[in-house]
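Colleague: Sharing a sequence plus its predicted fold:
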Amino acid sequence: MAWWPSITSKLSVGLMLLTPGCGVPPTRQGTFSIHAINPSEIIIESGQDQIILEKLCFDTVEQTLIANPAIRLRVASLHENFPLPNSVDKLIRDATGSNLARGNYVSSILAYCNLVKYAMNGKQKVIILS
């Protein structure tokens, strides 16, 4: 997809990013860092864990936003088997078949790369096309 080269070119190993957090201004943000950038995945470190964000995670969000530019995707992630409806996390879980909560990380990277921006939909933090 068109976003992947832009994403991988703007990130660098060791870069520290913040998860989206809640509300405006954001609260409850966490930090994570870029551990490795490979042709088909980005590996991040969050706490003591290494998490793989495969290219498909980003492609799925890109396809959804490009196909429906007015859509607002929730950034909240639950570390449970049932992701929130209309969320980045649900899109990724459905596309990959994995129950890992990765929507916050993907949203943060897309926002850092200026491909999406954060907005509020009532009390829900969402991403929209930039």
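Modeller: Noted; the coordinates are in hand.
Colleague: List the contacts of the residue most central in space within the chain.
Modeller: By C-alpha atoms, centre = their mean, the mean C-alpha position of the chain lies nearest to residue 106, the distance being 1.7 Å. Residues in contact with residue 106 (C-beta atoms under 8 Å, 6 or more residues apart in numbering) are 53, 57, 58, 61, 88, 92. Any C-beta I mention is one placed from the backbone N, CA and C, and that applies to glycine too.
Colleague: so is it in a helix, a strand, or just coil?
Modeller: Three-state call for residue 106 (DSSP: H, G, I helix; E, B strand; the rest coil): helix.
Colleague: Relative to residue 97, how far out is it?
Modeller: In this view, residue 106 and residue 97 are 16 Å apart by C-beta to C-beta, to the nearest Å.
Colleague: try residue 44
Modeller: For residue 44, the distance to residue 97 - C-beta to C-beta - is 20 Å.
Colleague: With residue 129 instead?
Modeller: Counting by C-beta to C-beta, the gap from residue 129 to residue 97 is 26 Å.
Colleague: So which of the two has more stuff around it?
Modeller: Neighbours of residue 129 and residue 97, each counted by other C-beta atoms under 10 Å, are more numerous for residue 129; the result is 14 against 6.
Colleague: And for residue 20, nearest residue in space, chain neighbours not counted?
Modeller: Of all residues not flanking residue 20 in the chain, residue 75 sits nearest, at 4.4 Å (C-beta to C-beta, 6 or more residues apart in numbering).
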